[in-house]
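In: 3D model of this:
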Amino acid sequence: MRVKLEMYGPFQRFNKDGQLRAELDLEDNLTVRALLMNLGVDIDEPWNAALNGKLADPADKLSDGSLLIVFPPIEGG
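Out: Alright, predicted model coming up:
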């Protein structure tokens, strides 16, 4: 399956060639957690993700054509 991946802030370094956006060919039924682990992200560190425009759970499965956006926790007042 083919998935679009955007990684922001400190997570960008884990994306293909350190790019902000990349398209990846992945095995079917891969979860958000599994993809992040495969990319080298320490999933015990704080992170957020949106899958197809909705807040993603680590156990959510990716599908062909999915857009996954990974970003650091947002802080502010």
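In: show me where this structure has its strands.
Out: Along the chain, counting by DSSP state E, strands occupy 2-7, 21-25, 48-51, 54-55, 67-71.
In: tell me which of the ones you listed approaches residue 32 most closely.
Out: strand 48-51 (5.7 Å; CB to CB). C-beta coordinates here come from the backbone N, C-alpha and C atoms, glycine included.
In: give me the helices and strands touching the closest one, please.
Out: Using 3 or more CB pairs under 8 Å, 6 or more residues apart in numbering; DSSP states H and E as the contact criterion, the neighbours of strand 48-51 among helices and strands are helix 32-39, strand 67-71.
In: now these in a markdown table, with mean neighbour count, distance to residue 4 and mean pLDDT?
Out: Formatted as a markdown table, the entries for those read as follows, by neighbours: other CB atoms under 10 Å; distance: least, CB to CB, whole Å; pLDDT from 0 to 100:
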| stretch | mean neighbour count | distance to residue 4 | mean pLDDT |
| --- | --- | --- | --- |
| helix 32-39 | 17 | 12 | 96 |
| strand 67-71 | 18 | 5 | 97 |
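In: so which of these is nearest residue 48?
Out: With CB to CB, the closest approach to residue 48 among those belongs to strand 67-71: 5.4 Å.
In: so how far is the closest one off the chain centroid?
Out: Shown here is strand 67-71, whose average C-alpha point lies 4 Å from the average C-alpha point of the whole chain (CA atoms, centre = their mean, to the nearest Å).
In: same check, this time on stretch 58-68
Out: Using CA atoms, centre = their mean, we find the averaged C-alpha position of stretch 58-68 to lie 9 Å away from the chain's own average C-alpha position.
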